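Undergrad: When you get a sec, could you give me coordinates for this:
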Amino acid sequence: MRIKTIINDLGKSDKAAYEKISKELSLKKQIALKVVRTGTDRVNFKILEMLPSNINTIMKKVNMTKVPVNVRVNELERVGLVDRFKGTGRVELTDFGKSFMLTIREYEGEVRKYVYNILSRQLD
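TA: As a prediction, this is how the structure comes out:
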């Protein structure tokens, strides 16, 4: 049953509760989408794939200077995908980051199966 229906069944006095729940769900959705957008950016994703690592290695592998790499690592840190150990240059996936990468890999597997099924049907 949808949340709106549940709240309507409770009565008009609970409309404020519905609005609060709607705002919370909207905020969570916005945060989730920001994590996905940040983590799936082509360069950011390449950074995530090479972790754990350090800033100097990341700079070489993505062919960027220190400032743009730091901006990207800071973005990834802000959304909770990486931990950065200032002063050491070390960057590692957080538990959330590991879960994110696992989810993306599972999704890639599903996409592969889907594409294979479509191509198989076209060949039949």
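
Undergrad: that's a strand at residue 29, yeah?
TA: No - if the criterion is DSSP: H, G, I helix; E, B strand; the rest coil, then residue 29 is helix and not within a strand.

Undergrad: count of residues packed around it?
TA: Residue 29 has 10 neighbours, counted by other Cβ atoms under 10 Å. The way it works is simple: take the backbone N, C-alpha and C, and place the C-beta from them, glycine included.

Undergrad: And it, what's its pLDDT?
TA: If you check residue 29, the pLDDT there is 88.

Undergrad: same check, this time on the one 10 residues further on
TA: According to the predicted model, the pLDDT of residue 39 comes to 96.

Undergrad: Report how many residues lie close to it.
TA: 23.

Undergrad: same deal with residue 90?
TA: For residue 90, using other Cβ under 10 Å, the count is 14.

Undergrad: beta partners for it?
TA: Per DSSP bridges, the residues bridged to residue 90 are residue 54, residue 85.

Undergrad: Helices of this structure, start to end?
TA: In the chain, the helices defined using DSSP state H lie at 3-10, 15-40, 42-49, 55-62, 66-78, 95-123.

Undergrad: Check which residues of the second one are buried.
TA: It refers to helix 15-40. Residues of helix 15-40 classed as buried by neighbour count (16 or more other Cβ atoms under 10 Å): 35, 38, 39.

Undergrad: Run the angle between it and helix 42-49 for me.
TA: Relative orientation of helix 15-40 versus helix 42-49 (axes from the mean of the first three to the mean of the last three Cα atoms, to 10 degrees): 80 degrees.

Undergrad: roughly how far apart are residue 34 and residue 79?
TA: In this structure, residue 34 and residue 79 are 6 Å apart, going by Cβ to Cβ, to the nearest Å.

Undergrad: oh sorry, the question was meant for residue 105
TA: 18 Å.

Undergrad: Neighbour count: those two, which is higher?
TA: residue 79 (20 against 11).

Undergrad: these two touch, right, residue 53 and residue 91?
TA: Yes - between residue 53 and residue 91 there is a contact under Cβ atoms under 8 Å: 5.9 Å.

Undergrad: These two: who's more crowded?
TA: Between residue 53 and residue 91, residue 91 has the larger neighbour count (other Cβ under 10 Å), namely 23 against 16.

Undergrad: That'll do, ta.
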